[in-house]
Each structure stands twice: as structure tokens, then as C-alpha cells.
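**Q** Below: sequence and its predicted model.
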Amino acid sequence: MNDTFLRACRGEQTDYTPVWFMRQAGRYLPEYQAIRGKVSFLELCKNPELCTEVTLQPVDIFGFDAAILFSDILIPMEAMGLKLEFHENRGPVFPDPVRTEAAVKQLIVPEPEETVPFVLETIRLLRRALKVPLIGFSGAPFTLATYLIEGGSSKVFLETKRMIYQEPTLYHALLEKITRCTSLYLQAQARAGAQVLQIFDSWAGVLTPYDFERFALPYVQAIIADLRQMTDVPIIYFANNGATLLESCKTSGADVLGLDWRLPLNKAARLAGNHILQGNLDPIALFLPKEELEKRIALILAEGKEAKGHIFNLGHGILPQTPPEQVKIAVEAVHQLSQQA
């Protein structure tokens, strides 16, 4: 097995900088579209054989140094007893938002082996097929809560912040249930064979640093503390749009901190202390001409040298419109340029 990514997560010396991309299995790939054209998104997420196939696609095609389980952060929220729908133009939708005490009480804390066995079976299938490490993942409790409270995606998060500010007791009751669910979910992934776990806090950046430390970070810390009791797999915490939150994020307990493109890695390294950094190419930079893209990658690799360790990634998920040939250029550039350095 190529364990370069695993060694980088642990802060060990590597021959080159490992690279993987968030959402690397997905809509930009014709191979993915061919499968997706036959089933709905939720049907795909719940089919271990198809999930295995689409997880392997970008690793086989581009030579990424890690695979990330194909799933969705909201799968365990459906298992809590909520109706979840995916609409092509709106994204995920919860038709019955969670905004009352009664709605919170109705939520169950599910046993992953009983409610999401397809996720765990996908992990087991992938471990047999992969020659690179497998990343399992979940959403962070705050980010998951925004979908439940808003009923889907949002631009201003009015209902979420209204609950935080006007009904903090209700908010914390909801977050405690989501946290227990997420903790059990990640523990089950580790038992099934996930070799690294990433926690996605996609909407953390909508909070002030003060609110982040009160209403988001403690729940991430609790999950990671639970994981530390049962596994030693490396843990990555990614707080999107989190440049102002980085000093707080380093108290999360994670081994690796993921970064978006809004803060140079060398500056982030001074704030992050004894942490490996992951990032942080702007996903739209993949549309640059080859020479310019390679220059941008070289700059990030140089900045990453100031950190304890560096894993190359995008600053957020790859966009569906991205030409696959640009992904190949980027992966090859990371491997070649980091070896030369």
C-alpha cells in the first residue's frame, strides 16, 4: 500500500507531498455521471457496490494518494428519523425542519450498524480494493444542525442564529443529540476500517469567533475525545471559511487542520502550531492554464514547508464544471514539484 498520506497525517517524513481533493469522486467525472444517470443520489449513497466503484474512480484515473468514502454528510441525519430529499437545483432538503422542543425530542440517536449498514459495508469493500488509505468522514455538529434547522442550505442562516441567540437551551439540546449520533457514526467507520477520519464544518465560517467557541467547537472537541478513547486513526478537522477561527480550531483535538484558500499556508502555520495542515488551492484555480496552475501549486507547496507537515488539497470541493484533464495536471504537478523540492 502507498501509505504516504497516512505518514503525512502523523507528521512523519515523506518522499513527496501527498494529494487528494475534497469531492474528488463526483460530477466532474464522466465515469461518475454514467453511474449517476442510472440511480438517484440517495440510491447511490445506499448502494455499497456502486459507492465503492465511484470512490475508486478518481484514485484509479488520477493517482490520488488517498480515497475518501463516497457518501453525504446528511446520511446519519436521515437515520435520526428525518425525511431527507435531494433536489437537483436546491440540494438537500429536510421538509420538516427541527425548530421546536417536540421536534428535538422526536430525534433518535441511531446505532450505525442498524441504520446505515451500507456505509460500513462500503468501507469494508473499499479496504479490500484500495492500494491507498481510506478516509471516512462526517459533518460537524454545527454544520449538520444548520441543515436541520433551516430545512436545507442557507445564505444567512437566520433560523439557526435565531435559535442560538433566542433559544440557546433548545439549540444545545439539538446539538447534543447530533453530537452523540455523529460520534457513534465515526466510531463505527473506524471499526469498519476507515484509516483516517475527516470532520467537515462547512458552515463554521458564518459564526463569529466568540460564537464558534460557544456553539460549534465544543461539540467537535467532544466527538474527537470520544474517538481518542477507541482509535488512534488520524483525525482531520476542516472549518470552511475559518481563517478567523484557526487559533480556536487548533484546540479541537484533531491531528490535521484543513484550510480553505483564504489564508496562505505559511501564515496559517504560525497560527496552527504543532499541527499538520491540509490545503489549500482555490478550486477555481484548476481552470488556470497549465503553466499558471503549476506556478500556483509550487507556491502552495513552498508555503506548506513552514508547517509541521503538509497534505495538498483544494480549499473546498472540486466543482462539477472542472475539466478532468486539469485534475490530472494538478496531481502530477504536486507529485513532481514536491519531489524536486
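**A** Here it is on my side, so go on. Numbering: from 1, shown residues only.
**Q** Over to the spatially most central residue of the chain: give its phi and psi.
**A** Per C-alpha atoms, centre = their mean, the C-alpha nearest to the average position across the chain is that of Phe200, at 3.9 Å. As for Phe200, its main-chain torsions (degrees, to the nearest 10) stand at phi -90, psi 120.
**Q** Give the bridge partners for it, please.
**A** Gly139, Phe238 (DSSP bridges).
**Q** what's the pLDDT at it?
**A** You'll see Phe200 listed with a pLDDT of 98.
**Q** Am I right that it is in contact with Ile135?
**A** No: with contact defined as C-beta atoms under 8 Å, Phe200 does not reach Ile135; the gap is 10.9 Å. To be clear about C-beta, it is placed using only N, CA and C from the backbone, and glycine gets the same treatment.
**Q** got a list of what the residue nearest to Leu217 when sequence neighbours are not counted touches?
**A** In this structure, Leu217 finds its nearest non-sequential neighbour in Ser248, 5.7 Å apart by C-beta to C-beta, 6 or more residues apart in numbering. Contact analysis of Ser248 by C-beta atoms under 8 Å, 6 or more residues apart in numbering lists Pro209, Phe212, Glu213, Leu217.
**Q** From the centre of this protein, give me the residue that's furthest out.
**A** Ala102 (30.4 Å).
**Q** can you tell me the helix or strand for that one?
**A** helix 101-106 (DSSP states H and E).
**Q** elements contacting the helix or strand following that helix?
**A** Scanning forward in sequence from helix 101-106 by DSSP H and E, the next helix or strand is helix 112-115. Counting contacts by 3 or more C-beta pairs under 8 Å, 6 or more residues apart in numbering; DSSP states H and E, helix 112-115 packs against helix 75-79, helix 117-129, helix 168-192.
**Q** looking at those, which is closest to Ile297?
**A** Closest approach to Ile297 among the helices and strands packed on helix 112-115 is made by helix 117-129 (27.6 Å; C-beta to C-beta).
**Q** From Gln229, how far off is Ile236?
**A** Between Ile236 and Gln229 the distance is 18 Å, computed by C-beta to C-beta, to the nearest Å.
**Q** Could you do Ser252 as well?
**A** Taken as C-beta to C-beta, the span from Ser252 to Gln229 is 16 Å.
**Q** so what strands line up beside the lowest-mean-pLDDT helix or strand in the chain?
**A** Here the helix or strand of the chain ranked lowest by mean pLDDT, DSSP states H and E is strand 85-87, holding a mean of 91. Applying DSSP bridges to the sheet, strand 85-87 is found paired with strand 91-93 (antiparallel).
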